[in-house]
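Asker: structure for this input, please:
(one chain, ligands or ions: 2)
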Amino acid sequence: MAALDRVKVLVLGDSGVGKSSLVHLLCQNQVLGNPSWTVGCSVDVRIHDYKEGTPEEKTYYIELWDVGGSVGSASSVKSTRAVFYNLLNGIILVHDLTNKKSSQNLYRWSLEALNRDVAPTGVLVTNGDYDREQFADNQIPLLVIGTKLDQIPEAKRNEVLTRTAFLAEDFNAEEINLDCTNPRYLAAGSSNAVKLSRFFDKVIEKRYFLRDGNQIPGFSERKRFGGGTLKSLHYD
Ligand SMILES: Nc1nc2c(ncn2[C@@H]2O[C@H](COP(=O)(O)OP(=O)(O)OP(=O)(O)O)[C@@H](O)[C@H]2O)c(=O)[nH]1
Ligand SMILES: [Mg+2]
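Answerer: Ligands and ions are numbered 1, 2, ... in the order given. This is a model prediction of the structure:
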């Protein structure tokens, strides 16, 4: 059997948000029984039918790189992680819906992965306020996944989902909110499964960035350096 083409998708987010649980669900179609925290990075593979149901249908391996660890600003922590950020084709940003800080930190995670050659000070963003333009010309497909939906009381759901919709908009990304301990949220034919499939199709479509190693041609040079701290529009 011919080897399948593969693409690389990073799974990023704070420690404990549920990245490993999510990856297990996506790749094994099962709930992760005994999660323990991920050291370094672990990779699992999902088989994906690109453009399923069309004449262009083709099967791919989606490598999901589950990068463990807390947001560290120490340059040693970042440079250790940076080895995983090479030649990526897409990023799944995972946050815990019960933990606002984990949502805010997605800005840092994404910028760390997309701008891996930022200034050595470790400063991640530009000029004070969070800037949507940061992502406007980003060519790497992003997907925002909110976990632990089951732990949000019914009365608070609207508020939380409004907040996450803003977040996804900032990243110019689709969003999925789910409970990683319940496979029903990704059942075949569900709207979440359709969104996921579209995201992986997009990752595959854009994979040509891998070819010459020049992986982020569209990411804005002028935004890459500068002082200031990260600040989000929606959490102050
Ligand atoms: N109730 C509930 N628990 C969840 C959900 N997702 C993850 N968990 C639990 O949260 C804990 C942390 O999950 P992990 O998947 O290990 O988190 P992680 O992001 O991989 O953490 P690190 O490896 O430390 O970066 C585990 O006890 C999971 O069972 C969810 O959607 N709902
Ligand atoms: Mg983990």
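
Asker: now do the same contact list for the residue nearest the centre of the chain.
Answerer: A centroid search over the chain (Cα atoms, centre = their mean) returns residue 92, at 1.8 Å, as the residue closest to the centre. With contacts taken as Cβ atoms under 8 Å, 6 or more residues apart in numbering, residue 92 has the following neighbours: 9, 10, 11, 12, 22, 64, 142, 143, 144, 145. The C-beta positions use only the backbone N, C-alpha and C, and glycine is treated the same way.

Asker: go again using 10 Å as the cut-off
Answerer: Under the criterion of Cβ atoms under 10 Å, 6 or more residues apart in numbering, the neighbours of residue 92 are 9-13, 19, 22-23, 26, 64-66, 141-145, 173, 176, 196, 199, 203.

Asker: please apply the same query to residue 36.
Answerer: By Cβ under 10 Å, 6+ apart, the contact list for residue 36 reads 20, 68.

Asker: and it, which of the three is it?
Answerer: Applying DSSP: H, G, I helix; E, B strand; the rest coil to residue 36 yields a three-state assignment of coil.

Asker: and what of residue 189?
Answerer: Taking three-state DSSP as the rule, one finds residue 189 in the coil state.

Asker: distance of it from ligand 2?
Answerer: Per Cβ to the ion, to the nearest Å, residue 189 is found 28 Å from ligand 2.

Asker: phi and psi next, for that residue.
Answerer: With angles defined as degrees, to the nearest 10, residue 189 shows backbone torsions of phi 90, psi -10.

Asker: how many neighbouring residues does it have?
Answerer: The local packing of residue 189 (other Cβ atoms under 10 Å) involves 7 other residues.

Asker: helix or strand next in line after the least confident helix or strand in the chain by mean pLDDT, which one?
Answerer: Ranking every helix and strand in the chain by mean pLDDT, DSSP states H and E puts helix 133-136 at the bottom, with a mean of 68. Sequence-wise, the next helix or strand beyond helix 133-136 is strand 142-147, with elements assigned using DSSP states H and E.

Asker: that next one vs ligand 1: in contact?
Answerer: Yes. Applying Cβ under 6 Å from any ligand atom, one finds strand 142-147 in contact with ligand 1 at residue 147.

Asker: could you export the helix or strand following that strand as CSV, CA atoms only?
Answerer: The first helix or strand that comes after strand 142-147 along the chain, using DSSP H and E, is helix 157-170. Taking Å, rounded to 0.1, in the frame of the first residue of the first chain, the C-alpha atoms of helix 157-170 are listed here in CSV:
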residue,chain,number,x,y,z
ARG,A,157,-23.6,29.0,28.9
ASN,A,158,-24.7,32.0,26.9
GLU,A,159,-22.2,34.3,28.5
VAL,A,160,-19.3,31.8,28.0
LEU,A,161,-20.2,31.1,24.4
THR,A,162,-20.4,34.8,23.6
ARG,A,163,-16.9,35.2,24.9
THR,A,164,-15.5,32.3,22.9
ALA,A,165,-17.2,33.6,19.8
PHE,A,166,-15.2,36.8,20.1
LEU,A,167,-12.0,34.8,20.7
ALA,A,168,-12.5,32.8,17.5
GLU,A,169,-13.2,35.9,15.6
ASP,A,170,-9.9,37.4,16.8
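
Asker: name the helices or strands packed onto the next helix or strand after helix 157-170?
Answerer: Sequence-wise, the next helix or strand beyond helix 157-170 is strand 174-177, with elements assigned using DSSP H and E. Taking 3 or more Cβ pairs under 10 Å, 6 or more residues apart in numbering; DSSP states H and E as the contact definition, the neighbouring helices and strands of strand 174-177 are strand 90-96, strand 142-147, helix 157-170, helix 191-205.
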